[in-house]
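J.: Just need the structure, nothing else, for what follows:
(chains A and B)
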Amino acid sequence: MSLIHRSSGLLKPLAAGPASLLRRPFSSATDDDATKITVETSVPFTGHRIDPPSRTIDTTPKELMTFFVDMARMRRMEIAADSLYKSKLIRGFCHLYDGQEAVAVGMEAAITRKDCIITAYRDHCIFLGRGGTLLEAFAELMGRKAGCSKGKGGSMHFYKKDGGFYGGHGIVGAQVPLGCGLAFAQKYSKEDHVTFALYGDGAANQGQLFEALNMAALWDLPAILVCENNHYGMGTAEWRAAKSPAYYKRGDYVPGLKVDGMDVFAVKQACKFAKEHVLKNGPIILEMDTYRYHGHSMSDPGSTYRTRDEISGVRQERDPIERIRKLILSHDIASEKELKDIEKKARKEVDEAIAQAKESPMPEPSELFTNVYVKDHGVE
Amino acid sequence: MLGVTRHIVAGRGFAASMTVLDALNSALDEEMSADPKVSLMGEEVGEYQGAYKISKGLLDKYGPDRVCDTPINEAMDHIINSAAKSNYMSAGMISVPVVFRGPNGAAAGVGAQHSRLCYINDGGPERRDADELPCMAVSFKSLTWGKATAEALDSSFCLPIGKAKIEHEGKDVTITAFSKMAGYALEAAEILEKDGISAEVINLRSIRPLDRTTINTYVRKTNRLVSVEEGFAQHGVGAEICASVGEESFEYLDAPVESISGADVPTPYAPNIERMAFPQVEDIVRATKRACYR
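T.: Residues are numbered from 1 along each chain as shown, chains lettered A, B, ... in the order given. Got it, this is the predicted structure:
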């Protein structure tokens, strides 16, 4: 059997027929890394005070498959969290990311674990992208010892310091000044690393963002502010909250880029571009045009302020996973069945992680008083 | 949280009742109906009907000029420094007739940043700000779906600021509490009754100004005091009550004051340790017995 090589042709699907039966299965890796596939982002980038990067991107079959596997796992995790919340195994607030996976995965593909990411409360998938495990995520959601924050944080307070992930924050917009602080530390240590500070369209109007951005620009900090614009701040549509919803332009003197956040390649390209830029020139804003299928949180049905048609329309036209599936199929990298098997495997991994998480006990009562002071000093 | 019912006042055979959520909603409605100059603004108060549905129906009734959805902002500095202090700094020239209404306190499972916001003044669900000074009316999140009293259903019902309420009179010991803890204190009083301890419960209602007169009057009668609050002990309401009683009624005390408060930690998420972070009914019972040397 021989692998059908794609040369630098674009997205034309292969003619169906015997050729596809002769294809070597995905599991043999060597050729898949060397094979170059060129793709174009769905739409070109729009720049503010900057020349945008090219919309033509090189990828490999291996990368395409990795994107599919990672996003399928994230999607499955969030859907399972929905069920767990409804069974009351997850309590309090729970904000799901399904629909927005391309931002988490595309960003990871462009950076290293020495670069930092900080975000708000819609953080489960970012955590996974930074190397967190499904077990740590589900255990944390259920308030168990095996959780990434040992059960003490909950859904909104996931962290993974060794993966460069600094949380996990509940107060809207507060993570952005913190992210600029991380960038300050990176510049101070003369590392060639950068920080991505993520926030939503609702948070974009917060005063503290502009204060932090001013300082970052003044001091040329390697800070990339990423607005995950899913178009609704809880129940308020962007046009009802912002005089100017062109968030990539809101930095005024800080350059910006508008990106199709449902296209993992566009996200990767933009993040790569941004990293190179900020290391030389100070901050930049990336606006990711994205969408969340769930409501703001599990207490919000998500359909009082937007129509079901809109939600299903986005799912049909722009779903990030479907986009990659089509690319994989059209380039004959894997079959439909193989992709379905990957999704089944993701489901199985998630189910196993949940079962394991359920076995984990709740934290010891003594944990109530730890991590307050240094060496538990002053605890009575 | 939705659908859970907690009783603020132990059952006294009320014919009608409404949830705290509905009580808050009707309070806002009454105030807006009574005075066309009263407007409501905040995050999600309009089209979304309120983050906890407290302003349900108000946009439809009063229109977008009077019910305004605002972009997100975190406004504590202005509440403290602009609203609270302007009348004083201008020697009465500038008035700030604003009620800052919001949810506070611990709610189940919301973690460290969404529990324990600070608050200035905690009235019941029905209150009118009759003068020109701002106040902060805070309702505890977890009580939003609890039941309000029948008296509160009357549209002219209005509580004065600065007056505590005697929820239940007793002979042996006085328990002071507010909001959710007032309900817990009443439950504790019922348990203690069976053990032969007659505990009275004072619902503070107003934190600032604090009704020191009522507290001292009743402590002088029972000679024992237990203060209960969800907040931190240090610099807390209980600390102030202890100071007041120590100054005004020292000779009347037959036992040291028991002060129960929340654990001095950020609120954890896991339910077992979250429960340990806040006073429970059994903690109040234990402390009250200690105050009675039992």
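J.: Quick check: closest non-adjacent residue to A:Ile321.
T.: Closest residue to A:Ile321 apart from its sequence neighbours, by C-beta to C-beta, 6 or more residues apart in numbering or on different chains: A:Met71 at 4.9 Å. All C-beta atoms are positioned from the backbone trio N, CA, C, and that covers glycine.
J.: same question, B:Ala287
T.: Going by C-beta to C-beta, 6+ apart, B:Ala287 has B:Glu258 as its nearest residue, at 4.2 Å.
J.: so what's that neighbour bridging to?
T.: Applying DSSP bridges to B:Glu258 gives these bridge partners: B:Val226.
J.: rewinding a little: how many neighbours does the residue nearest to A:Ile321 have?
T.: 26 (other C-beta atoms under 10 Å in any protein chain shown).
J.: now do B:Glu30
T.: 17.
J.: pLDDT score for it?
T.: In this model, B:Glu30 is scored at 92, pLDDT.
J.: One more: the one 10 residues further on?
T.: On the pLDDT scale, B:Leu40 is placed at 90.
J.: Tell me what it is bridged to.
T.: Residues in beta-bridge contact with B:Leu40 (DSSP bridges): B:Val67.
J.: tell me what the host helix or strand of B:Ala185 is packed against?
T.: Per DSSP states H and E, B:Ala185 falls inside helix B:180-194. For helix B:180-194, the packing partners by 3 or more C-beta pairs under 8 Å, 6 or more residues apart in numbering or on different chains; DSSP states H and E come out as strand B:165-168, strand B:173-177, strand B:199-203, strand B:225-232, helix B:281-291.
J.: looking at those, which is buried most?
T.: Ranked by mean neighbour count, the helices and strands packed on helix B:180-194 are led by strand B:173-177 with a mean of 29 (mean count of other C-beta atoms under 10 Å in any protein chain shown).
J.: which helices and strands does that one pack with?
T.: Using 3+ C-beta pairs under 8 Å, 6+ apart, strand B:173-177 sits against helix B:180-194, strand B:199-203, helix B:212-222, strand B:225-232, helix B:281-291.
J.: Apply 10 Å and report the result again.
T.: Strand B:173-177 makes packing contacts with strand B:165-168, helix B:180-194, strand B:199-203, helix B:212-222, strand B:225-232, helix B:237-248, strand B:258-262, helix B:281-291 when contacts are defined by 3 or more C-beta pairs under 10 Å, 6 or more residues apart in numbering or on different chains; DSSP states H and E.
J.: ok, that strand: who's next to it in the sheet?
T.: strand B:199-203 (parallel), strand B:225-232 (parallel).
J.: can you give me the strands in the stretch 51-200 of chain B?
T.: For the stretch 51-200 of chain B, applying DSSP state E, counting those that start in this stretch gives strands covering B:67-69, B:99-104, B:135-140, B:147-148, B:165-168, B:173-177, B:199-203.
J.: least reliable of these going by mean pLDDT?
T.: Looking at the strands of the stretch 51-200 of chain B, the weakest mean confidence is strand B:147-148, a mean of 50.
J.: what residue ranges in the chain score low on pLDDT?
T.: This is for chain A. Where chain A drops to pLDDT under 70, the residues are A:1-32, A:376-380.
J.: hm, I was asking about chain B
T.: For chain B, the stretches with pLDDT under 70 are B:1-16, B:75, B:103-158.
J.: coming back round to it: okay if I get the helices and strands packed on strand B:173-177 as a markdown table plus distance to B:Asp35?
T.: Listed next are the helices and strands packed on strand B:173-177 as a markdown table, based on distance: least, C-beta to C-beta, whole Å:
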| stretch | distance to B:Asp35 |
| --- | --- |
| strand B:165-168 | 26 |
| helix B:180-194 | 30 |
| strand B:199-203 | 28 |
| helix B:212-222 | 30 |
| strand B:225-232 | 33 |
| helix B:237-248 | 31 |
| strand B:258-262 | 37 |
| helix B:281-291 | 40 |
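J.: do you know which of these lies nearest A:Gly147?
T.: Ranking the helices and strands packed on strand B:173-177 by proximity to A:Gly147 (C-beta to C-beta) places strand B:258-262 first, at 22.8 Å.
J.: can you give me how far that closest one is from the chain middle?
T.: 16 Å (C-alpha atoms, centre = their mean, to the nearest Å).
J.: repeat for stretch B:41-60
T.: Relative to its chain's centre, stretch B:41-60 lies at 22 Å (C-alpha atoms, centre = their mean).
J.: Let me have the helices and strands packed on helix B:180-194 in TSV, extended by distance to A:Asp300.
T.: TSV is the format used below for those (distance: least, C-beta to C-beta, whole Å):
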stretch	distance to A:Asp300
strand B:165-168	36
strand B:173-177	33
strand B:199-203	33
strand B:225-232	27
helix B:281-291	33
